[in-house]
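Q: Quick one: sequence and predicted model below, then my questions.
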Amino acid sequence: MRLLTKRQLLILKEIVRLYTETGQPVGSKKLLEQLPIHISSATIRNEMVHLEDQGLLEKTHLSSGRIPSLRGYRYYLDHLVEPSSIDANDLAVIETSFDQSYHEIDQIVAQSAKILSSLTNYTAISLGPELKDLKLTGFRLVPLNDDQVMAILVTDNGTVENHIFSIPSGIDGDSLEKIIRIINDQLVGLPLMEVVNKLHHEIPQLLTKYMITPEGFLDIFGGVLKKAAQERYYVGGKMNLINTSTLKDVDQLKALYSLIDQNQDLGQIIGAPADQPIEVRLGDEMTNDLLKNFSVITATYNVSEHGRGMIALLGPTSMPYSRMIGLLDVFRAELAKKITDYYRHHGD
């Protein structure tokens with residue numbers, strides 16, 4: 001593609017702005033009213049034809065104005081977009097909505113998706129800080145009846161997981177207490193990845209003093225541990241997918257709903273925390289055909305030594321990117337601040 005002139009860049013930028021704000025194709029008359037330079041309508045039309053020839057604009061039908069193509073959006077996002085300043089009302093909503101007590105990090109992360117989806121009318125996806133350094137801070141068994149107990153596992157980010165299971169035959173109350181003591185002495189305070197390693201190599205030998213085959217018990221403990229260590233994605237505004245009108249087919253909409261209900265699929269949609277604070281991926285840059293008419297804007301936030309998390313917006317390709325990027329930039333900072341405050345008040 002040939003280099004664009006300053007005038008062509010200005011026209012492309014204005015067409016993207018107008019189309020993402022109004023949803024209507026942009027014609028030369030509208031551009032004549034909006035452009036900050038004085039040029040004729042004929043000149044604008046010629047420049048629009050040039051941009052169309054470059055693959056940056058396209059027509060919806062023969063008599064319409066132009067709309068950005070996917071290539072045009074990509075060029076705009078890479079070279080022209082300028083994040084808007086956040087509206088004072090939006091900032092007040094963010095601060096007020098976060099201003100409540102939380103008992104777990106996950107509650108803050110889940111709330112962030114609700115707030116962002118409400119502010120934007122798009123679908124928001126949030127992911128808490130990375131779990132690689134997450135530590136086991138507590139483990140106990142609560143008897144429920146003669147042969148069932150509840151295993152409760154607590155991590156240092158406030159997550160509490162529990163699982164009910166049957167006591168393996170041949171284990172009395174005293175042996176069970178000793179088993180709990182071994183787990184607390186050997187595992188509590190360690191990073192979860194180290195806990196998993198010890199479960200496979202050291203703990204089974206220690207438990208054979210109190211049970212003939214400890215594998216069943218360790219499978220239960222490992223299951224609760226795995227649940228605590230898995231990344232959790234939270235979705236806000238799932239119904240907003242309907243409002244975008246990017247999917248006309250009911251079966252496609254059902255498939256998309258199913259897609260965002262799966263942790264693994266959500267991980268593929270928003271990716272991993274990136275070096276860039278904010279990134280935008282267009283539909284043709286994602287592997288799933290269901291997303292071909294969507295865009296994903298992802299923002300990475302940092303919580304010092306506790307790692308990085310992500311917040312993302314899933315919406316139509318014609319999102320008003322300047323406003324959304326500006327909003328996400330402020331939002332990620334407020335979310336990081338809230339999680340940092342949680343760690344400060346609950347102890348590291």
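A: Arrived safely, thanks for sending.
Q: number of nearby residues for Asp78?
A: Neighbour count for Asp78, taken as other Cβ atoms under 10 Å: 9. No exception for glycine: its C-beta is placed from N, CA and C like everyone else's.
Q: Now do the SS call for it.
A: Asp78 carries the three-state label helix when classified by DSSP: H, G, I helix; E, B strand; the rest coil.
Q: do the same with Tyr19
A: helix.
Q: Name the helix or strand for Arg281, please.
A: strand 278-282 (DSSP states H and E).
Q: where in the stretch 151-300 of the chain is pLDDT low?
A: 157, 168-172, 209-230, 244-248, 263-264 (pLDDT under 70).
Q: quick one on the thing from earlier: the strand holding Arg281 - contacts with which helices or strands?
A: On a contact count with 3 or more Cβ pairs under 8 Å, 6 or more residues apart in numbering; DSSP states H and E, strand 278-282 meets helix 70-79, strand 294-302, helix 321-346.
Q: Dump those to TSV, plus distance to Gly55.
A: Below are those laid out as TSV (distance: least, Cβ to Cβ, whole Å):
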stretch	distance to Gly55
helix 70-79	5
strand 294-302	18
helix 321-346	19
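Q: So for Thr137, which of the ones you listed sits nearest?
A: Thr137 lies closest, by Cβ to Cβ, to one member of those: helix 321-346, at 10.6 Å.
Q: Could you check the angle the closest one makes with strand 294-302?
A: Orientation check (axes from the mean of the first three to the mean of the last three Cα atoms, to 10 degrees): helix 321-346 against strand 294-302 gives 30 degrees.
Q: What is the distance between helix 321-346 and the centre of its chain?
A: The chain centre lies 13 Å from the centre of helix 321-346; the measure is Cα atoms, centre = their mean, to the nearest Å.
Q: Tell me the buried residues in that helix?
A: 321-328, 330-332, 334-336, 338-340, 342-343 (16 or more other Cβ atoms under 10 Å).
Q: What of stretch 256-264?
A: Leu256, Leu259, Ile260.
Q: For the first one, which three-state class applies?
A: Pointing back at Leu256 there. helix.
Q: all helices for the stretch 151-300 of the chain, in order.
A: Secondary structure of the stretch 151-300 of the chain (DSSP state H, counting those that start in this stretch): helices at 173-187, 192-201, 203-207, 215-229, 240-243, 250-259, 263-270.
Q: Just the pLDDT for Leu12.
A: Note on Leu12: pLDDT of 96.
Q: Tyr301 pairs with what?
A: According to DSSP bridges, the residues that bridge with Tyr301 are Gly309.
Q: separation between it and Val93?
A: 18 Å (Cβ to Cβ, to the nearest Å).
Q: Show me which of these two is the more surrounded one.
A: Per other Cβ under 10 Å, whichever of Tyr301 and Val93 has more neighbours is Tyr301, with 26 against 14.
Q: Skipping adjacent residues, who's closest to Tyr76 in space?
A: Once flanking residues are discounted, Tyr76 sits nearest to Val16: 4.7 Å by Cβ to Cβ, 6 or more residues apart in numbering.
Q: for Pro273, same thing?
A: Pro273 sits nearest to Arg308 (Cβ to Cβ, 6+ apart), 4.1 Å away.
Q: And Asp156, by the same measure?
A: Nearest one to Asp156, counting by Cβ to Cβ, 6+ apart, is Lys135 at 4.5 Å.
Q: What of Asn288?
A: Excluding the flanking residues, the one nearest Asn288 by Cβ to Cβ, 6+ apart is Leu259, at 6.9 Å.
Q: ok, back up a step: what about the residue nearest to Asp156, distance to Ser97?
A: 29 Å.
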